[in-house]
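Peer 1: next come a sequence and a model predicted from it.
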2 protein chains.
Amino acid sequence: LAINEHYRAFIHILDESETEPFLHHLEAKENRSLPLYGLPFVIKDNIDLAGIPTTAACPAFAYVPDETATVVRRLIELGAIPIAKANLDQFATGLNGTRSPYGACRNSVLPDFPSGGSSSGSALAVALGIASFALGTDTAGSGRIPAAYNNLVGLKATRGLISTHGVVPACRTLDCTTLLTASASQASALFSLIAQYDPADDYSRKNPQWNGATAFGAVRPGFRFGVPQSLDFAGCPEGDALFAQAVARLKAMGGIPVPMDLSPFLEAARLLYEGPWVAERYFVVRDLLERDPKAILPVIRDVLEPAPGYSAVEVYAATYRLQHLKARCDAIMSGLDCVLTPTMPRPVTLAELHEQPVAANSLLGVYTNFMNLLDYAAVAVPSAFMSNGLPWGISLFGRAFTDQYLLSLADAFQRMSGLPLVGEQTLESPVKGRIAENDKARVVVCG
Amino acid sequence: LAINEHYRAFIHILDESETEPFLHHLEAKENRSLPLYGLPFVIKDNIDLAGIPTTAACPAFAYVPDETATVVRRLIELGAIPIAKANLDQFATGLNGTRSPYGACRNSVLPDFPSGGSSSGSALAVALGIASFALGTDTAGSGRIPAAYNNLVGLKATRGLISTHGVVPACRTLDCTTLLTASASQASALFSLIAQYDPADDYSRKNPQWNGATAFGAVRPGFRFGVPQSLDFAGCPEGDALFAQAVARLKAMGGIPVPMDLSPFLEAARLLYEGPWVAERYFVVRDLLERDPKAILPVIRDVLEPAPGYSAVEVYAATYRLQHLKARCDAIMSGLDCVLTPTMPRPVTLAELHEQPVAANSLLGVYTNFMNLLDYAAVAVPSAFMSNGLPWGISLFGRAFTDQYLLSLADAFQRMSGLPLVGEQTLESPVKGRIAENDKARVVVCG
C-alpha cells in the first residue's frame, strides 16, 4: 500500500475476503498440480473480474461486472490468483501512464520518468516484484511501451488469439489482450495456456497448430531479420549505439540482417492516429460524453471529441489506404522471419508529458502503432540500460500466427543479453532439443 | 448486331481492327497450344480493356483505359479473344439488368423477364451462344442472379482470388470478378488458370494449394450439405418442389442433408443493403454526382445519395454486428461442406421491375447478398426449368478457399440433372480418379 502511494500502480487491491475464493479453489487436492498454482497476477482495470469494479480509470464510468473476462477466468482455473486491478491511462487512451484520475504512474526505475502506458499499473506490478505476471491491453502499443520503460517483456500476440471478451473496448477491430512478464519464456508458457478460441468473443481466432506450445524452442541459425534503413531516435544520443548492439546480438544468434524500408509501416501507424479509427473509441464513452463530459479527462476528451464527426466515406478511404499499405508491408514481411525495431524512439520524461501531453505521448507510439492495424504479432523485449539507468527495449514483430517463433527469438535475445530480470526472477532452462517453428515450417511440411 | 437490338447485351462490339491484335497473338506458332486458344469471351463493361471505352453503363462516366485489367490480360495471354464489352446495371448497382441507358437486357429464354444483373450482357452472351464464357462482377449477387435467370453457372469465387485490378469498384472491400459459363467444369478450368495473386490488386489473396486445379474432381459420398429450415419463395408456387428436387439430387450424389438456421446469414444480407456499405459505392461516382447528377440514372442516384450521410460510428457499429453474425455463421459452416439455397426466391418479371424498381430488385438478392460480406465462396448452378420454361437455379456456398470443392459439387449436380447446356455446349468427361478436395482435406494431411 505504501508502494502504491508512490507508484499509483493499483486502482483496487483485493482484500482478504475478495481473494479468499481463489485461494479456496487451490486448496482442493486435485488442483495442487495446476500449471499456474498460486502465482499472483494483476489485471489492468479495463478487464472484468466479477464482483470487483471495472473503472477503465474513469470513476464515473465504473461498473461492477457479474462475469469475469474469459482470459482471467482461464488464468484462475489454471491456479493463478488475481491480487489487484491495475491503473491505466483512462479508457486505455494513451501510452504514458499519467492520464489517470487515480494518479500518474511513475517509472519503476527512475522517478522522473513515467511508467509508460496505457498498461501502466500492470507493468509496475511485475517490475516491482508484486506480481508474477500481469494482463494488459494493446491497441497501439499499450502493452509494449510500459514493458520497454520497465525492463519487461510485453507480448502483443496476434489479434484474436487471446480473448477480449470482458475487456472494455478501445478500438474493437484492433484490441489485443496482452501479457507483461519478466521473461519471454514465461510469456510463451502463459500464451500457450490462454490462446484458446473463445466463442464469446466475436473477434476470436483459432491458434494454428504450428503456433502452439511446441513451437517455442531454440532458434535455427540463418533466420532473416529486417533492419529498418533509417530510424528516428528523436534526438536521443544513445539510440544508434543501443540499436546497433541489438542488431549485433541477433547476428550473434545466427540471424541475417536484411535492410528494409519501414516507411509503409510508419505510414500505417500515422493512419491510426490521424484517421477515423478514433470513432471506434467513441462507442464506450458516448453515453458518458453526453451525460457528463467533465467526468472524462480533458486530454482524453480532446482525443475523442472529433470521433462522431468522421464520415463513413472517410472510414472506407482510410480502409483502402491501409489495405494498400498492408499489401506492401506483407510483401516485405514475406521474406523475413521478423523485424527488429526499437520499442520507442526514446523515453520521454514526466516533465515533457506535462508540457506537451499530446505530442510527447504520440512520440512514444511511432514504432508500436502499426502492428495491430497490419495484423502482425509483436513482442517487446528488454535490451539494455541507458546511461541514466533507464531500461531500453527492442521489439520483434512478424506475421500473424508466428507468436511462439517471435517469443523464441526474444528468449534467445534475453539469454544472450544477460540483463537482470525484474522481481529477482530467473530464466528457466530451455527445453532441450525443441526447435522454434513458424508458419513457414508448416509450408515445408505440407507443400 | 440484330440480336443486340433485341437483347441489348453489348455496349461495344469489337470491330475487326480492334480484335486484330488478339488474333495476331494467336498466329505465332508457339501459341497454338494455349489452353484457351481462340475462345471468344465478353467483358462486363466495368472491366478495362485497353483502348476500348469503359462505361460502367454511364456514358458521362466513360473513359478509355490505357491498361487492360489483370484478369483480362491473363485470359488473352492464354489465347482467349475478347469480342465485346457487355451491358450491365449502371455502376453494377442492381441485380436485374434493366438499369442501363444502353437498354434493358431481356431474358435469353422468356422476353417478359429480365436477364438478371448486374452482369446482364455477360450472361446473355454465353446464354445466346455468342461467347464461350464471360467475365462479370459480383458484390451482392451480380454474377449469380443473371446465371440463375439464363441456365448458366456463375462462380463468385473467394474474395481476392480473381484480380479486381482494372475493375470499376462498387464496394471495394467486397467486390469479386466472376465467371459465367455453361458448366461448372468450364468454370473450374478457367478459375484454376486465372486465380493468381496480383500485386497490383491490394485485395488480392494467394490461392492455397488445396484449392488448385487438382482439387476439382469426383465428390466423395458422405459430404454434409446445409439445408435451410425455412425458405421464402416469395409466393412462387413451384419453389418448394424445385428446391426439394435439388435436395434430392444432392442426396443422390451421396450428400447428407443437415437442417440449419439461415437467419444469421440473412441478417448479414440485410446489413449490406440497409447499412453504411453504400458509402463504398460513393467513391466512383462522387465527382460525377457533384458535376452532373442527371448523368446518373434516377434509380441509381436514389441508392447512392444517402452515402455521404453515413458516419464513421455507423460503419463501426455495422462492422461489429457483421463480425458477430460472421462468428455465428462460421460456427455453422464449420460442420458443413457446403450450403444449398435457391439462387433467388423467385424470378421477377420486367413488369414488376417497372412498377417497383427497388423492391423487385431487392427481392432477387435475398439469397446472394451475404456471401461477399461473410467471406464465403459461392457458385450458382442451373437446377431445373420452371413450368413457364424459365431456368431455375440453386446456389452452393462454402467457406473461403473451397471454390474447387464447390465447383466439384456443382459439376456432379449438373451431370445428374441432365439439363441441356446453353450454346449447345457439352460437358467434358470428368478426369478419372481425381477426388474433390477442400480445406478439411488439408487439416487431415497436416494435423
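Peer 2: Cool, got the structure.

Peer 1: where exactly do the helices run in the stretch 201-350 of chain A?
Peer 2: Per DSSP state H, counting those that start in this stretch, the stretch 201-350 of chain A carries helices over the ranges A:239-252, A:263-274, A:278-291, A:298-304, A:312-333, A:350-355.

Peer 1: so which of those comes closest to B:G389?
Peer 2: helix A:312-333 (43.0 Å; Cβ to Cβ). (Each C-beta comes from the backbone N, C-alpha and C, glycine too.)

Peer 1: just to revisit the earlier point, make a markdown table from the helices of the stretch 201-350 of chain A and add distance to A:A80, mean pLDDT and mean neighbour count to it.
Peer 2: Formatted as a markdown table, these follow (distance: least, Cβ to Cβ, whole Å; pLDDT from 0 to 100; neighbours: other Cβ atoms under 10 Å in any protein chain shown):
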| stretch | distance to A:A80 | mean pLDDT | mean neighbour count |
| --- | --- | --- | --- |
| helix A:239-252 | 32 | 98 | 16 |
| helix A:263-274 | 32 | 93 | 19 |
| helix A:278-291 | 27 | 95 | 18 |
| helix A:298-304 | 31 | 94 | 17 |
| helix A:312-333 | 34 | 97 | 19 |
| helix A:350-355 | 32 | 98 | 16 |
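
Peer 1: the ones you listed: which one's closest to A:R434?
Peer 2: Between these, helix A:239-252 lies closest to A:R434; by Cβ to Cβ that is 20.1 Å.

Peer 1: list the residues that contact the residue in the stretch 101-250 of chain A positioned nearest to chain B.
Peer 2: Nearest residue of the stretch 101-250 of chain A to chain B (Cβ to the nearest Cβ) works out as A:D202 at 4.5 Å. By Cβ atoms under 8 Å, 6 or more residues apart in numbering or on different chains, the residues touching A:D202 are B:320, B:323-324, B:326-327.

Peer 1: give me the pLDDT for it.
Peer 2: pLDDT for A:D202: 98.

Peer 1: on that earlier part again, and the helices of the stretch 201-350 of chain A as a markdown table, adding distance to chain B?
Peer 2: Listed next are the helices of the stretch 201-350 of chain A as a markdown table, based on distance: least, Cβ to the nearest Cβ, whole Å:
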| stretch | distance to chain B |
| --- | --- |
| helix A:239-252 | 28 |
| helix A:263-274 | 12 |
| helix A:278-291 | 4 |
| helix A:298-304 | 11 |
| helix A:312-333 | 3 |
| helix A:350-355 | 29 |
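
Peer 1: those helices: which one's closest to A:N372?
Peer 2: Using Cβ to Cβ, these put helix A:263-274 closest to A:N372, at 7.9 Å.

Peer 1: by how many degrees do that closest one and helix A:278-291 diverge?
Peer 2: Calculated by axes from the mean of the first three to the mean of the last three Cα atoms, to 10 degrees, helix A:263-274 forms an angle of 10 degrees with helix A:278-291.

Peer 1: show me what helix A:263-274 is packed up against.
Peer 2: On a contact count with 3 or more Cβ pairs under 8 Å, 6 or more residues apart in numbering or on different chains; DSSP states H and E, helix A:263-274 meets helix A:312-333, helix A:371-374.

Peer 1: export the first one to CSV, keeping only CA atoms.
Peer 2: Once side chains and other backbone atoms are set aside, the C-alpha atoms of helix A:312-333 remain, and they are given as CSV (Å, rounded to 0.1, in the frame of the first residue of the first chain):
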residue,chain,number,x,y,z
ALA,A,312,-18.4,6.6,-43.5
VAL,A,313,-16.6,7.7,-46.7
GLU,A,314,-13.6,8.7,-44.6
VAL,A,315,-13.6,5.2,-43.0
TYR,A,316,-13.5,3.5,-46.3
ALA,A,317,-10.9,5.8,-47.8
ALA,A,318,-8.7,5.0,-44.8
THR,A,319,-9.5,1.3,-45.1
TYR,A,320,-8.4,1.3,-48.7
ARG,A,321,-5.2,3.2,-47.9
LEU,A,322,-4.5,0.7,-45.1
GLN,A,323,-5.1,-2.2,-47.4
HIS,A,324,-2.7,-0.7,-49.9
LEU,A,325,-0.1,-0.3,-47.2
LYS,A,326,-0.7,-3.8,-45.9
ALA,A,327,-0.2,-5.3,-49.3
ARG,A,328,3.2,-3.5,-49.5
CYS,A,329,4.1,-4.5,-45.9
ASP,A,330,3.1,-8.1,-46.4
ALA,A,331,5.3,-8.3,-49.4
ILE,A,332,8.2,-7.1,-47.3
MET,A,333,7.3,-9.4,-44.5
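
Peer 1: OK, contacts around the residue nearest the centre of chain A?
Peer 2: Most central in chain A under Cα atoms, centre = their mean is A:G143, positioned 2.1 Å from the mean C-alpha point. Applying Cβ under 8 Å, 6+ apart to A:G143 gives the contacts A:119, A:136-137, A:154-156, A:176, A:178-180, A:380.

Peer 1: so in chain A, where's the weakest helix or strand by average pLDDT?
Peer 2: Of all helical and strand segments in chain A, the minimum by mean pLDDT, DSSP states H and E falls on helix A:439-446, at a mean of 58.

Peer 1: I'd say A:Q186 and A:L152 touch.
Peer 2: No: A:Q186 is beyond contact range of A:L152, at 10.2 Å (criterion: Cβ atoms under 8 Å).

Peer 1: neighbour count winner among the two?
Peer 2: Using other Cβ atoms under 10 Å in any protein chain shown, the more surrounded residue of A:Q186 and A:L152 is A:L152, with 34 against 24.

Peer 1: what does chain A put close to chain B?
Peer 2: A:172-173, A:199, A:202-204, A:209, A:276, A:279-280, A:282-283, A:307-308, A:310-317, A:319-320, A:323-324, A:326-327, A:331, A:442, A:445-447 (Cβ under 8 Å from any Cβ of the partner chain).
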